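Novice: Please work out how this folds:
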Amino acid sequence: MLVSLASAPACTPTPATTDSAASATDGTDSGATDGTDTSADTETTGEPQGPPPGAGRNPFPWSLESWDSVCGDNKDNDSNDYRDCEDFSCSRNPSVVTCGSASVYESTPTLCANGKDDDGDGRSDCADPDCFKNPFVNVCVQPKVEDRCGEGIDGDGDGLFDCDDRDCLALDPTCALPPGALRILFDQTLDETASNGLNSDWLVDPWGRLPTPSNPTSRNEWKGSLSSFAFALYQEGHTIENLTAWEQTLTFGDAGKPQDLSRYDVLVVVEPSRQLNSDEKAALINFVDGGGGLLLLANHVSADRDSNGWSSVEALNDLFDDNPVREDPFGFRFDTIDIEDELILERVEAPAHPVIAGPAGKVERIGLYLATTARITGTNPDAQGLIVLDDAASSSVSVVAGAAQVGAGRVVFVTDSALLGDGTDSHGTSIASKDAWNNAALDHAALFVNAVIWLGGA
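Specialist: You can find the predicted model right below:
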């Protein structure tokens, strides 16, 4: 029996019916338990180097209420019934300073320099990753990314230069990856951080395109709920990048975009929380058709964490139903349900599949917390369920993990995002009971590392 997470109030903004700004609290899903490193970050000293990578940009460009100019005008600019700092696009937005003490995080220039722990996470000012890894504020000494690729100079001071530096492997097109290495892109453009807290902090690291440092020695040097997953892939020699919302949208076949999907082997999308537009839908489908690997994670249908009308189930099913390429592009869809029981799943339907029996180990048991399920639609003969609920009528229904060959590419889907969480987040929070990734009794790490390797063509 898995141990439940400590419960907390649901993370729902306060409707714009009063003039006071609401302070959002974290809603938690259940997760598995294991020991999580809870060591505090060492406060950095010195002077910031210059403008951080997101300076002057907006991490929520899809929202009409996400700029300082509209986060304090006493209007509901995006017509979602939340006004100014009652709206998550303002209060959890690290590029907005108007909200001041109503900000969810300690992320404004004032809060990062007042000597106080303003968000109650046990860290103040430049000891808080909301400050020292804030890509929009330069109050603290900032992380360094290699900026002298090809010059024979160690620009970020990590002892490595040119193509020996992981940053250059990503940034310099003349650098060739080692044999077997994959270019893996984690999406941040689909509102994958739809509320505050561990249950929706689907980031590898908040700094920008490249997680810092480029050569971490532990998972805790990167700050995000996906840091352990990404660190495991890094240890296997793969290159990790983030697609940030302030840099670029999802594109495929656009040579002018530095992070066009055609440049990557695998794309990871964890719990998208807004509707995709037509171009984004086409990019995802064409990426897979063209040979790319797509890892998709959903969650329970009620997990509309920012009350924008879209949970991950609704956003992904909308992608399948209404896109400019073809209906039902992959051969599966997510069920619009909430599973509220904690389960241990052992019904493996395809024990020889490389996602189940792969180089990272054999998958025999996984957990399921607040989640949904999926079903194989029958339109793609190369789509199959891999792990299903114990009482599933077949391997095509009540699917929790599945895989599909699609065109020249591949898709793996899982119906519970909590399996990827490692009990930490990008804001300095660490809760051991949320660490599903490192639960030694379950095979989450093997499942997802195997999935990425298979998606990359192995």
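Novice: all strands of the stretch 301-450 of the chain, in order?
Specialist: Using DSSP state E, counting those that start in this stretch, the strands of the stretch 301-450 of the chain run over residues 332-334, 343-345, 357-358, 361-362, 366-368, 374-376, 383-388, 399-406, 409-414, 422-424, 430-435.
Novice: Actually, the stretch 51-200 of the chain.
Specialist: Here the stretch 51-200 of the chain has its strands, by DSSP E, counting those that start in this stretch, at 183-188.
Novice: if we can go back for a sec, looking at the strands of the stretch 301-450 of the chain, which is buried most?
Specialist: Mean neighbours per residue, mean count of other C-beta atoms under 10 Å, is largest over the strands of the stretch 301-450 of the chain for strand 422-424, with a mean of 28. Bear in mind the C-beta positions are built from the backbone N, C-alpha and C, glycine included.
Novice: can you give me the offset of that strand from its chain's centre?
Specialist: Taking the mean of its C-alpha atoms, strand 422-424 sits 13 Å from the chain's own mean (C-alpha atoms, centre = their mean, to the nearest Å).
Novice: One more: stretch 107-119?
Specialist: Centroid separation for stretch 107-119 versus its chain: 25 Å, with C-alpha atoms, centre = their mean.
Novice: How about the contacts made by the residue located most distally from the centre of the chain?
Specialist: What lies farthest from the middle of the chain is Gly152; by C-alpha atoms, centre = their mean that is 33.6 Å. Going by C-beta atoms under 8 Å, 6 or more residues apart in numbering, Gly152 touches Phe161, Asp162.
Novice: which residues sit in contact with the most centrally placed residue in the chain?
Specialist: Closest to where the C-alpha atoms of the chain average out (C-alpha atoms, centre = their mean) is Trp202, at 2.8 Å. Residues near Trp202 by C-beta under 8 Å, 6+ apart: Glu192, Thr193, Gly224, Ser225, Leu226, Val270, Glu271, Ser417, Leu420.
Novice: I'd say Phe334 and Ala374 touch.
Specialist: Yes - Phe334 lies in contact with Ala374 (C-beta atoms under 8 Å); the separation is 4.9 Å.
Novice: which residues are in contact with both of those two?
Specialist: When contacts are counted by C-beta under 8 Å, 6+ apart, Phe334 and Ala374 are jointly contacted by Ala298, Phe413, Thr415.
Novice: The first one touches Val269, doesn't it?
Specialist: No - with contacts counted by C-beta under 8 Å, Ala298 stays clear of Val269, the gap being 9.6 Å.
Novice: Which residue ranges of the chain form helices?
Specialist: Using DSSP state H, the helices of the chain run over 88-91, 129-132, 166-171, 227-235, 278-289, 312-321, 444-455.
Novice: Between helix 312-321 and the fifth one, find me the angle.
Specialist: Think helix 278-289. Counting by axes from the mean of the first three to the mean of the last three C-alpha atoms, to 10 degrees, helix 278-289 lies at 80 degrees to helix 312-321.
Novice: circling back: can you put the helices of the chain in CSV and add distance to Thr249?
Specialist: As requested, the helices of the chain are exported to CSV (distance: least, C-beta to C-beta, whole Å):
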stretch, distance to Thr249
helix 88-91, 17
helix 129-132, 25
helix 166-171, 19
helix 227-235, 21
helix 278-289, 6
helix 312-321, 15
helix 444-455, 22
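Novice: buried set for stretch 178-192?
Specialist: Ala181, Leu182, Arg183, Ile184, Leu185, Phe186, Asp187, Gln188, Thr189, Leu190, Asp191, Glu192 (16 or more other C-beta atoms under 10 Å).
Novice: Many thanks, I have nothing further to ask.
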